[in-house]
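J.: Would you be able to build a 3D model of this:
(2 chains)
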2 protein chains.
Amino acid sequence: MVKVLLVLYDGGKHAQEVPALLGTTENELGIRKWLEDQGHTLVTTSDKEGENSKFDQELVDAEVIITTPFHPGYLTAERLAKAKNLKIAITAGIGSDHVDLVAANKTNGGITVAEVTGSNVVSVAEHVVMTILVLLRNFVPAHEQVASGKWDVAAVAKQEYDLEGKVVGTVAVGRIGERVLRRLKPFGCKELLYFDYQGLKPEVEAEIGCRRVDTLEEMLAQCDVVTINCPLHEKTKGLFNKELISKMKKGSYLVNTARGAIVVKEDVAEALRTGHLAGYGGDVWFPQPAPGDHPLRTAVNPFGFGNAMTPHMSGTSLDAQKRYADGTKAILESYLTGKHDYRPEDLIVYNGDWATKSYGQRDKINTVKQ
Amino acid sequence: MVKVLLVLYDGGKHAQEVPALLGTTENELGIRKWLEDQGHTLVTTSDKEGENSKFDQELVDAEVIITTPFHPGYLTAERLAKAKNLKIAITAGIGSDHVDLVAANKTNGGITVAEVTGSNVVSVAEHVVMTILVLLRNFVPAHEQVASGKWDVAAVAKQEYDLEGKVVGTVAVGRIGERVLRRLKPFGCKELLYFDYQGLKPEVEAEIGCRRVDTLEEMLAQCDVVTINCPLHEKTKGLFNKELISKMKKGSYLVNTARGAIVVKEDVAEALRTGHLAGYGGDVWFPQPAPGDHPLRTAVNPFGFGNAMTPHMSGTSLDAQKRYADGTKAILESYLTGKHDYRPEDLIVYNGDWATKSYGQRDKINTVKQ
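T.: Predicted coordinates:
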């Protein structure tokens, strides 16, 4: 019989009010009864920080660990060394950068790391398009104005633009980046650009009406809006630092729904403060939860605008929660029955080796950080 | 030599900081020098309410009156009766419902009412898509959470949905409604519906992947999201009242970027309060500016969410201001040179008669208010 350790965010009264909030410690992805009926043990917690956390205490004999990118239980090399029974770490969602994958390949002869590929790509792509529009159309101060009883159109129209006619570029054109470009197509942008080590097929490029740019700097110099859709790994960590941001157009917008650590938060805040960036938005932070004094909670441009941040929520819509709960259960079932008939696209590391190009084969990833 | 009266919103320091804020009393659509060089007179004001307003004082001998939908100088029958020299009223933007068109056809032998058709249809369509995403994805409370130093994903995810898989319907499928549907196409909605007295061509329907519904009630009963894109006239005034809102799906969303008076504000606020509507958003109000106690400034659903209102700004982005300033100048030039070679689509009433189906031919407009 198997011990499953589940690290989720607390839903509190919200989880009681809304049973569809599956990704909470209260509703437990809907798997408790299903697991217990088979004789397995489920331990669920949101307490994941520090050496005496419930996560640290319970992982020593857990065979399965499940967590989400929204409230990640970070599986560092130190923790993996303590997890003597661990066989599989499942991400209920997408993005397994909270696991030290190099260490995972050496843990207990190589644990499996799997995620529910595709479960929230649409949700994130929608959040990207929303954030681009919110920033360009200056929604935040405009809404605050009406809520506070004021009326001053000029005060918000002074930095309100149309998306039509602008140049938008995505850093990486994987499952999410491509979906962002497809959704932007009918907006009549001047150009849709992308930078990636692997190009789209020519017929897909033609269908979307987008164009690959050879280097990241070259793309950034042309873009009014840049959206980050690459995974976090050694070469993308801190990628958007002061130097790279300086290559972006003055007054451009940056949207990050990928991972917080891909940007240097102090450098983004400073670029907003000077107006080099007109806006920054997205939903990812490092660490998560973001501390109360995280500079990107309140950073604004010289007009006092340009912040469209939210907590990490884009991939945890109620629709997405259903998909990642279902997908997690499918991976679990594949493991518990011993079939191991995983969907190949869900596997990150397997049998002690990389199963995906996204995190592995790093020498082939072409970024500015050579 | 002609006296031109221009009613715009005040830009204050914003207009000084941003010369592209053309639609302000300070920057005057960029037409002062051009008019004065020809010997004409320009009087500009934002003071438009009440009998002793500058607008009322100056309109008595104005030959041309120009205003915007964002801060409209209402040309009532009473005011038209006082405007003995008036020949042409130009809307710098789209929507001439601030003019009593029946009275206009009888004023001084029939004045011309013209607007800059197309000048901000894209801007408004973008605002609609933004507002739909902001409401469904629950952006407002999520952003407020990070700005105030909090972190509680469940508290906002509890009413966060994807647009994918939802049914969206537009009330009217004119220049804006069609552009909204086109922009929604790649979002993978379950269905895109429209209600209008005139259908799209079959090939356009097929291209967009949308479907016409015979009655408004029938459409509302199927929609998760309803967007209002019809003009304001006798049959659409107060259209979304308590009774019609009750035909909408419980928990659906309503977006209004058309005109404030198309909805009964108290009924919308009440529907939000009870949760029958999950959200209401848009940028139009009646009257404008909205008074400080307008109920739709602060109305929210039982979770405290669901308000995505802004001041009337969707059509006054800096990109749109350039277009409507240029278009207004073109109409003015056509008038001042005596050529009267207006673009037919810009004319609302002309030579004492309706020039458009949008406001005239009202008996043919099929709405629920028969």
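J.: Point out the residues in the stretch 101-250 of chain A that sit beside chain B.
T.: For the stretch 101-250 of chain A, the contact set with chain B under Cβ under 8 Å from any Cβ of the partner chain comprises A:122-123, A:126-127, A:129-130, A:133-134, A:137-140, A:142-143, A:145-147, A:149, A:151-165, A:182-183, A:185-188. C-beta: built from backbone N, CA, C; applies to glycine.
J.: Any stretches of chain A with poor pLDDT?
T.: Low-confidence segments of chain A (pLDDT under 70): A:357-370.
J.: Please repeat the previous calculation with a cut-off of 80.
T.: A:356-370 (pLDDT under 80).
J.: Using the record's domain definitions, break it down for me.
T.: Domains of chain A are assigned by the TED database as A:3-115+A:317-354, A:120-305.
J.: Rebuild these as TSV, extending it with mean neighbour count.
T.: Output for these, formatted as TSV (neighbours: other Cβ atoms under 10 Å in any protein chain shown):
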stretch	mean neighbour count
domain A:3-115+A:317-354	19
domain A:120-305	21
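J.: Determine which of these approaches B:F286 most closely.
T.: Comparing those against B:F286 with Cβ to Cβ, the closest turns out to be domain A:120-305 (13.2 Å).
J.: What's the end-to-end length of that closest one?
T.: The straight-line separation of the ends of domain A:120-305 (Cα to Cα, to the nearest Å) is 29 Å.
J.: Spatially nearest residue to the residue most central in space within chain A, not counting backbone neighbours?
T.: For chain A, the residue nearest the mean C-alpha position is A:A258 (3.8 Å; Cα atoms, centre = their mean). Nearest non-adjacent residue to A:A258, counting by Cβ to Cβ, 6 or more residues apart in numbering or on different chains: A:I228, 4.6 Å away.
J.: Run through the bridge partners of the one you found.
T.: Bridge pairing for A:I228 (DSSP bridges) gives the partners A:V171, A:N256.
J.: hang on, A:Q198 in a helix?
T.: No - according to DSSP: H, G, I helix; E, B strand; the rest coil, A:Q198 belongs to no helix; its state is coil.
J.: Columns distance to B:I65 on top of the domains of chain A, output as CSV?
T.: Listed next are the domains of chain A as CSV, based on distance: least, Cβ to Cβ, whole Å:
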stretch, distance to B:I65
domain A:3-115+A:317-354, 48
domain A:120-305, 20
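J.: for those, which one sits closest to B:L42?
T.: domain A:120-305 (19.3 Å).
J.: What is the distance between that closest one and the centre of its chain?
T.: Counting by Cα atoms, centre = their mean, to the nearest Å, domain A:120-305 is centred 14 Å from the centre of its parent chain.
J.: ok so, going back, residues contacting the residue nearest to the centre of chain A?
T.: Counting by Cβ atoms under 8 Å, 6 or more residues apart in numbering or on different chains, A:A258 touches A:V171, A:A172, A:I176, A:I228, A:N229, A:C230, A:P231, A:L232, A:G282, A:V284.
J.: I'd like the residues you listed laid out as a markdown table, including distance to B:D319.
T.: Below are these laid out as a markdown table (distance: Cβ to Cβ, whole Å):
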| residue | distance to B:D319 |
| --- | --- |
| A:V171 | 25 |
| A:A172 | 29 |
| A:I176 | 28 |
| A:I228 | 25 |
| A:N229 | 26 |
| A:C230 | 30 |
| A:P231 | 35 |
| A:L232 | 35 |
| A:G282 | 24 |
| A:V284 | 30 |
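J.: all helices for the stretch 201-350 of chain A, in order.
T.: A:202-208, A:216-220, A:242-245, A:265-274, A:318-336 (DSSP state H, counting those that start in this stretch).
J.: I'd like the ones you listed laid out as TSV, including distance to A:I65.
T.: Converted to TSV, these look like this (distance: least, Cβ to Cβ, whole Å):
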stretch	distance to A:I65
helix A:202-208	37
helix A:216-220	35
helix A:242-245	34
helix A:265-274	28
helix A:318-336	11
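J.: Quick check, A:H98 in contact with A:F70.
T.: No - counting by Cβ atoms under 8 Å, A:H98 stays clear of A:F70, with 10.6 Å between them.
J.: B:G93 is nearest to which of the helices of the stretch 201-350 of chain A?
T.: helix A:265-274 (31.3 Å).
J.: can you list the residues that contact that closest one?
T.: Contacts for helix A:265-274 (Cβ under 8 Å, 6+ apart): A:240-242, A:245, A:248, A:254, A:277, A:279-280, A:286, A:294-296, A:299-302, A:306-307.
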